[in-house]
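Student: Provided below for reference: sequence and predicted model.
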Amino acid sequence: MHELKKRYVVIKSARDFSFLFKKGESVVTYGFVCYIRPRRAGKNRLGIVTGKKVGNAVKRNRARRIIREAFRLLDPIIRESTQRRFDFVFVARSKTPSLGSGQLLGLMKKNVLPKTLQL
């Protein structure tokens, strides 16, 4: 059977989240807020935050799925464009569940990708 390998690691600890909120560079769009911080080695890491203002559990889960899928498509582009690796924390906004992953990917390419090349 075909085995899927993730090209990124999931951020789970509250310490990593709070460190990125304090020290990371932020990118704000109408679909999400992204905090970015360079790391030394390894794979890119992804964290997703969805607060209760996003909506009920169904909407929060949809927002997480959409962000995860858009990042999955963006990750190879980041790896090709630079040798550096990054920590990303995406904070969902109230419009996120109503957007498609293609729209979110477009926002990420337009706003997050240039920021990674600057850092």
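Tutor: Structure's in. What do you need? Numbering: from 1, shown residues only.

Student: How about residue 101, nearest residue that isn't a chain neighbour?
Tutor: residue 69 (4.3 Å; CB to CB, 6 or more residues apart in numbering). C-beta here means a position set from N, CA and C on the backbone, and glycine is covered the same way.

Student: and the one you found, that one's in a helix?
Tutor: Yes: assessed with DSSP: H, G, I helix; E, B strand; the rest coil, residue 69 lies in a helix.

Student: how far away is it from residue 15?
Tutor: 27 Å (CB to CB, to the nearest Å).

Student: And those two? Which one has more around it.
Tutor: Neighbour count, other CB atoms under 10 Å: between residue 69 and residue 15, residue 69 has more, with 15 against 9.

Student: Go ahead and confirm the more buried one touches residue 102.
Tutor: No: taking CB atoms under 8 Å as the definition, residue 69 is not a contact partner of residue 102, at 9.3 Å.

Student: So what pairs up with the residue most central in space within the chain in the strands?
Tutor: Taking CA atoms, centre = their mean, the centroid of the chain lies closest to residue 90, which sits 4.3 Å from it. Residue 90 has these beta-bridge partners by DSSP bridges: residue 34, residue 48.

Student: Show the pLDDT at it.
Tutor: With respect to pLDDT, residue 90 has a value of 97.

Student: can you give me the helices for the chain?
Tutor: 14-23, 57-81, 101-107, 113-118 (DSSP state H).

Student: Mind listing what's buried along stretch 37-55?
Tutor: Neighbour-count burial for stretch 37-55, counted by 16 or more other CB atoms under 10 Å, picks out 37, 44, 45, 46, 47, 48, 49, 50, 54, 55.

Student: The first one and residue 23 touch, don't they?
Tutor: Spelled out, that is residue 37. Yes: if you go by CB under 8 Å, residue 37 and residue 23 touch, sitting 6.1 Å apart.
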